[in-house]
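Visitor: give me a 3D structure for the following:
(chains A and B)
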Amino acid sequence: MRFDLDKAMGIHEQALYVRSRRSSLIASNLANADTPFYKAQDIDFKDVLGKVANTSGAAKLEMTSPGHLQPGGMSAHDAERLYRHPFQASIDGNTVDAQMEKSEFAQNAVMYQTSLNFLTGKFKSLKSALKGESQ
Amino acid sequence: MSLLGVFDVSGSALSAQSVRLNITASNLANAETVSSSIENTYRARNPIFATQLDMFRDNPSRAGVQIKAIVESQAELRMRYEPENPMANEQGYIFLPNVNTIEEMANMISASRSYQNNVEAMNTSKQLLMATLRLGQ
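Guide: Here you go, the predicted model:
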């Protein structure tokens, strides 16, 4: 039986990737909290993770020009960004709610840590399997 | 690695907010400067924030902030009759800036809070990156 490290790690690798992208998106929202007409954005985590997980193992076409596109899947930058519905409209057209963005950022960070912990656990069990020692 | 992008984004916000704080400090410092003509009187300044669009081109999930311009307030200047003042004009008037101190104080608090928010975002990202580097140990 062939051992596949990607499979052993499960979805957590992709989860980390999407989490890190989401954190930079929320950081952009926080950075633009005082910019007139800036519209806060976010991604639907479940949706994006599903897409990234489905396409990460797919075969890739050779690209001979920077204008070529990969079929179906999503590249690093074209995640579907959605606009937030503001709870309260502001007079300068900005839809960033700094408190909410902060809580989303914190939540995202905790989830990132969780995925990291899962990965650490996987590495630990792999190590103990390799060593063959009884704990 | 998108987490490194947080440093660019939050860093741009830190520099924009610190310029805003600087401008507020200038306004407050010059709130009582006196002059003898309308043209030479200090006017309250305000930064205009804009999203850094060139960042969008290479990565749409990153949008920094920049100060596009610094504009002078067109509100009316304060005029006071003080003929004994050495800066008074022929009619005995002196001109004072149109700085609204209360507005400036509110602006200062807002800038400082935004600055703190961005520092926090940077700190959290740093911790996550460090945890990622320690992965598997």
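
Visitor: now for residue 95, how many residues are close by?
Guide: In the absence of a named chain, this looks at chain A. Neighbourhood size, A:T95 [other CB atoms under 10 Å in any protein chain shown]: 19. In short, each C-beta sits where N, CA and C put it, glycine included.

Visitor: you answered for a different chain; I wanted chain B.
Guide: Per other CB under 10 Å, the neighbour tally for B:F95 reads 22.

Visitor: now the phi/psi pair for the closest residue to it other than its chain neighbours, please.
Guide: Nearest residue to B:F95, sequence neighbours excluded (CB to CB, 6 or more residues apart in numbering or on different chains): B:T41, at 4.4 Å. Here is the backbone geometry of B:T41 (degrees, to the nearest 10): phi -80, psi 140.

Visitor: got the contact list for B:A44?
Guide: B:N27, B:E72, B:S73, B:A75, B:P97, B:N98, B:V99, B:N100, B:E104 (CB atoms under 8 Å, 6 or more residues apart in numbering or on different chains).

Visitor: is B:I70 located within a helix, as I assumed?
Guide: No - going by DSSP: H, G, I helix; E, B strand; the rest coil, the assignment for B:I70 is strand, not a helix.

Visitor: so it touches B:N46, yeah?
Guide: Yes - applying CB atoms under 8 Å as the test, B:I70 and B:N46 come out as touching, 7.1 Å apart.

Visitor: surely B:G136 is in a strand?
Guide: No - B:G136 is assigned coil when assessed by three-state DSSP, not a strand.

Visitor: next, count neighbours for it.
Guide: Counted with other CB under 10 Å, B:G136 comes out at 12.

Visitor: around chain A, which positions in chain B sit nearby?
Guide: B:1-3, B:5-6, B:9-10, B:12-13, B:16-17, B:20, B:48-51, B:59-65, B:110-111, B:113-114, B:117-118, B:120-121, B:124-125, B:127-128, B:131-132, B:135-136 (CB under 8 Å from any CB of the partner chain).

Visitor: list only buried entries from these.
Guide: Burial by neighbour count, 16 or more other CB atoms under 10 Å in any protein chain shown: within the residues of chain B next to chain A this picks out B:2-3, B:5-6, B:9-10, B:12-13, B:16-17, B:20, B:49-51, B:59, B:61-65, B:110-111, B:114, B:117-118, B:121, B:124-125, B:128, B:132.

Visitor: which residues of the chain fall in strands?
Guide: As the question left the chain open, I've gone with chain A. A:41-43, A:81-83 (DSSP state E).

Visitor: try chain B instead
Guide: Secondary structure of chain B by DSSP E: the strands cover B:45-51, B:65-72, B:78-81, B:93-96.

Visitor: the third one pairs with which strands?
Guide: Sheet partners assigned to strand B:78-81 using DSSP bridges are listed as strand B:93-96 (antiparallel).
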